[in-house]
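Peer 1: Just to be clear, the model below is a prediction. Sequence and coordinates:
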Amino acid sequence: MSPVEVIAGDGPVILGQPHGGTYVPDALFARLNSLGRGLSDTDWHIAPLYDGLLQGATVVRATFHRYVIDANRDPAGVSLYPGANTTGLCPTTDFDGRLIWKDGQQPGAEETAQRAATYHAPYHAALSAEIDRVKARYGVAIVYDCHSIRSTIPFLFPGVLPVYSIGTNDGKTCAASVSDAVSIPCFADPKNDGVLNGRFKGGWTTRHYGQPAQGVHAIQMELAQRAYLTDETAPWALDPAKSTALRPTLAECLRRLELLARSGRLSDG
């Protein structure tokens, strides 16, 4: 299986989807323990949730699971949130801090490097190529990184996560107008709450590619899964009514981003 799928659109917005894949090679799957084999930390149904929301959007989608290698982590292994609980480039625990590999089957440094070359690097090569292509056409590119997570994970954050967690690394990864284009519709949603640069400020993708002065703007959306799943436990079913209610707000975010990119107001960073 190819590690990455690309749908090349003709618009200025790129949807990154690094955590929606569920592919684990058989040899690796056999090394996961029963907990790891549940793949509970997947961004469940993120592809259908965003499908068709913005005509002409480019989609770059990882097919592999984050337990193989995390496409939204620094390939050098540097923590995104120093001092806070998190998972690494090649996770050994789930989001609850529990081991996911059988005893003695955890990947070492050499294997991690091999997985990074086989999966992480091709994903980001594809994303980088699409950014270059879009920027060559429009003078700017906007990367909107699509994520979701369980609402309550005490190991990672206290309390209940807002439905919309928007990350721009405290304003460093995009122009303020890009942040506003996403924040305003989310904060206006009467049924769901949101936060800008709360616990999740944007992962490595957002921080690496977000270079506003160079015409590349990046923003991350971390959705609480209670907003579109029937339940935040297996079998992780997509709730048609919830997802239908959520999609208009997400579509408005993307529509505003496209209009902003086409307006020419981002061309000077």
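Peer 2: It's in.
Peer 1: In this structure, where is pLDDT below threshold?
Peer 2: Where the chain drops to pLDDT under 70, the residues are 267-269.
Peer 1: Check it for its longest helix and report it.
Peer 2: Longest helix of the chain, by residue count under DSSP state H: helix 240-263.
Peer 1: What residues sit buried inside that helix?
Peer 2: 243, 246-247, 249-250, 252-258, 260-261 (16 or more other Cβ atoms under 10 Å). From N, CA and C alone the C-beta is placed, and that goes for glycine too.
Peer 1: Stretch 138-153 too?
Peer 2: For stretch 138-153, a neighbour-count test (16+ other Cβ under 10 Å) marks 138, 140-151, 153 as buried.
Peer 1: Let's see which of those residues end up in strands.
Peer 2: Mapping the buried residues of stretch 138-153 onto strands (DSSP state E) picks out 141-149.
Peer 1: Closest one of those residues to residue 99?
Peer 2: Using Cβ to Cβ, residue 149 is the member of those that lies nearest residue 99, at 19.7 Å.
Peer 1: need the contact list for the closest one.
Peer 2: 41, 43, 95, 161, 200, 222-225 (Cβ atoms under 8 Å, 6 or more residues apart in numbering).
Peer 1: follow-up on the earlier one: got the ones in strands among the buried residues of stretch 138-153 as TSV, with distance to residue 31 columns?
Peer 2: Output for those, formatted as TSV (distance: Cβ to Cβ, whole Å):
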residue	distance to residue 31
141	38
142	39
143	33
144	34
145	29
146	29
147	26
148	26
149	25
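Peer 1: Next, give me the two most distant ones among those.
Peer 2: Top of the distance list for these (Cβ to Cβ): 141 and 149, 25.5 Å.
Peer 1: Would you map the helices across the stretch 101-250 of the chain?
Peer 2: 109-115, 121-138, 176-188, 204-209, 240-263 (DSSP state H, counting those that start in this stretch).
Peer 1: Including distance to residue 51, could those go into TSV?
Peer 2: Shown next, in TSV, are the helices of the stretch 101-250 of the chain (distance: least, Cβ to Cβ, whole Å):
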stretch	distance to residue 51
helix 109-115	28
helix 121-138	17
helix 176-188	19
helix 204-209	20
helix 240-263	9
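Peer 1: between the ones you listed, which one is nearest to residue 83?
Peer 2: helix 204-209 (16.9 Å).
Peer 1: Which residues does that closest one contact?
Peer 2: 16, 18, 71-74, 80, 124, 127-128, 131, 143, 145, 167-169, 172-173, 216, 218-220.
Peer 1: now with 6 Å?
Peer 2: Outside helix 204-209, the residues that touch it by Cβ atoms under 6 Å, 6 or more residues apart in numbering are 16, 72-74, 143, 145, 167, 169, 173, 216, 218, 220.
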